[in-house]
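K.L.:
Provided below for reference: sequence and predicted model.
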Amino acid sequence: MTVEATQIAATRIAQAGVEAVDAVATLAELTALETTLLGKKSELSMARRSLGSLEPDQRREAGAAFNATREALGAAIEARRSELAAAEHRASMEAEALDLTRFIGPVNRGHVHPVTATRERLEDIFIGLGFEVAEGPDLETDWFNFGALNIPPHHPARGMHDTFHLDLGGPGDYVLRTHTSPVQIRHMRAVTAERGGPPIYAIMPGRVYRNERTDATHLAALHQLEGLVIDRDITLGHLAGTIDTFIKTYFGTEFETRFRPSYFPFTEPSAEVDMRTAGGDWLEIGGCGMVHPTVLRNGGIDPEMWSGFAFGFGIDRLAKMRHDVPDIREFVANDVRFLSQF
Ligand code: FA5
């Protein structure tokens, strides 16, 4: 091996290497090529190792040629690396670019069901008044649905509820809840367990079931919004004021409401609320009253210290009134022509 031979080899390695670097198309390929050209097993490293057989002077001269080759290759690789990085960045920017002027035809989006929208609107109104929202199960025990609400077995008020009984447990143990009032009991107990007792300002929306004939104002699976307020010195005036506020907020001013004395075993006194548009027919939209002491006790609350009111409104009927829908069954007929009007 002579000095000239090594210089020729160094030049050839440099030229071939630079050509290979220029030919590479991606950063990944470039990294692989870098190892091939400059790694321990590269032609350059091997050739360098053979310098050991030269005289020290010659070795220095030949070594300098190889160093120049290494530098030239290193510089070519770095230059190519920044070129490729810039190109790849440009390509990804182009691929991800958004044309904000492009017109996309109308998109046919669905929307929430009008009864769901009504429920959400009512929740918003009550949350605005400082109420919390609680929920209970659709499948209830006889005790929560009736017994705890002061409706013991054989009480005539059971006849007012056309109950779906379930073939579960013993005869009559389980029902599909006929109203949201059992959630009152569940919530009173939860509040007593979690924070020691009242005050309670809560609404309890949900689906309830009645084995009755459907018509323009009756569904077999309907939705109710239960309300429960328990605090010190709560009076009928608070009940009337709360119902008045929510009805005015939800409906506006062109509707009339009236309270009618009524009977529920779980409230005393009790009333029903009717509504109509000017000149229209009255429609019953909810029941309400002052919570019966027995119900407070069943909820774990001392009726000597606390009093409260409760109400239960039909959400489907509220939606029917609000949107002037002649037949409540439209809400469950699943006709897109009807539903898309909301
Ligand atoms: C009750 O269900 C009582 N739990 C309400 C209550 C709660 C009173 C708290 C006192 C204190 P009622 O059966 O009247 O009461 O039903 C209440 C409301 O649910 C009715 O006014 C009506 O708006 C709605 N509703 C009842 N049955 C149907 C039905 N089949 N279809 C549509 N809405 C109904």
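P.N.:
That came in fine, so what should we check first?
K.L.:
What values do phi and psi take at the closest residue to Thr277 other than its chain neighbours?
P.N.:
With sequence-adjacent residues excluded and distances taken as Cβ to Cβ, 6 or more residues apart in numbering, Thr277 is closest to Phe255, at 5.8 Å. No exception for glycine: its C-beta is placed from N, CA and C like everyone else's. Reported as degrees, to the nearest 10, the phi and psi values for Phe255 are phi -110, psi 150.
K.L.:
Thought Arg276 was touching Phe255, still the case?
P.N.:
Yes. Taking Cβ atoms under 8 Å as the definition, Phe255 is a contact partner of Arg276 at 7.0 Å.
K.L.:
And for stretch 82-98, what's in contact with it?
P.N.:
Applying Cβ atoms under 8 Å, 6 or more residues apart in numbering, the contact partners of stretch 82-98 are Val24, Ala25, Thr26, Leu27, Leu30.
K.L.:
what's the answer for stretch 185-196, then?
P.N.:
With Cβ under 8 Å, 6+ apart, stretch 185-196 has contacts from 134, 136, 144, 148-149, 197-198, 200, 202, 204, 228, 230, 295-296, 298-301.
K.L.:
Could you rerun that using 7 Å?
P.N.:
Under the criterion Cβ atoms under 7 Å, 6 or more residues apart in numbering, residues 134, 136, 144, 148, 197-198, 200, 202, 204, 228, 298-301 lie in contact with stretch 185-196.
K.L.:
which of the residues you listed are buried?
P.N.:
Neighbour counting by 16 or more other Cβ atoms under 10 Å classes 134, 136, 144, 148, 197-198, 200, 202, 204, 228, 298-299, 301 among the contacts of stretch 185-196 as buried.
K.L.:
could you dump the residues you listed to a markdown table with distance to the ligand?
P.N.:
Formatted as a markdown table, the buried ones among the contacts of stretch 185-196 follow (distance: Cβ to the nearest ligand atom, whole Å):
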| residue | distance to the ligand |
| --- | --- |
| Ala134 | 14 |
| Gly136 | 13 |
| Phe144 | 12 |
| Ala148 | 13 |
| Gly197 | 20 |
| Pro198 | 17 |
| Ile200 | 14 |
| Ala202 | 12 |
| Met204 | 10 |
| Leu228 | 8 |
| Asn298 | 14 |
| Gly299 | 13 |
| Ile301 | 16 |
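K.L.:
Okay, and which of those residues map to helices?
P.N.:
Phe144, Asn298 (DSSP state H).
K.L.:
Run through the residues of this structure sitting next to the ligand.
P.N.:
Residues of the chain lying near the ligand by Cβ under 6 Å from any ligand atom: 179, 181, 210, 212, 218-219, 222, 224, 226, 264, 267, 270, 284-289, 310-314, 316-317.
K.L.:
So which of the residues you listed are in helices?
P.N.:
Those of the residues of the chain next to the ligand lying in helices (DSSP H): Asp316, Arg317.
K.L.:
picking up where we left off before, in CSV, list the buried ones among the contacts of stretch 185-196 along with pLDDT.
P.N.:
Converted to CSV, the buried ones among the contacts of stretch 185-196 look like this (pLDDT from 0 to 100):
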residue, pLDDT
Ala134, 98
Gly136, 98
Phe144, 97
Ala148, 97
Gly197, 96
Pro198, 98
Ile200, 98
Ala202, 98
Met204, 98
Leu228, 98
Asn298, 98
Gly299, 98
Ile301, 98
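K.L.:
And the residue of the stretch 1-150 of the chain closest to the ligand?
P.N.:
Closest to the ligand within the stretch 1-150 of the chain is Leu149: 7.9 Å, counting by Cβ to the nearest ligand atom.
K.L.:
For the stretch 51-200 of the chain, which segments count as strands?
P.N.:
In the stretch 51-200 of the chain, the segments counted as strands under DSSP state E, counting those that start in this stretch are 132-133, 139-141, 174-176, 200-209.
K.L.:
So Asp162 sits against Tyr209, correct?
P.N.:
No. Using Cβ atoms under 7 Å, Asp162 makes no contact with Tyr209, being 9.2 Å away.
K.L.:
Looking at the two now, which is surrounded by more residues?
P.N.:
Higher neighbour count among Asp162 and Tyr209: Tyr209, with 21 against 13, using other Cβ atoms under 10 Å.
K.L.:
show me what contacts the more buried one?
P.N.:
Applying Cβ under 7 Å, 6+ apart, the residues near Tyr209 are Phe164, Leu176, Arg177, Thr178, Ala220, Ala221.
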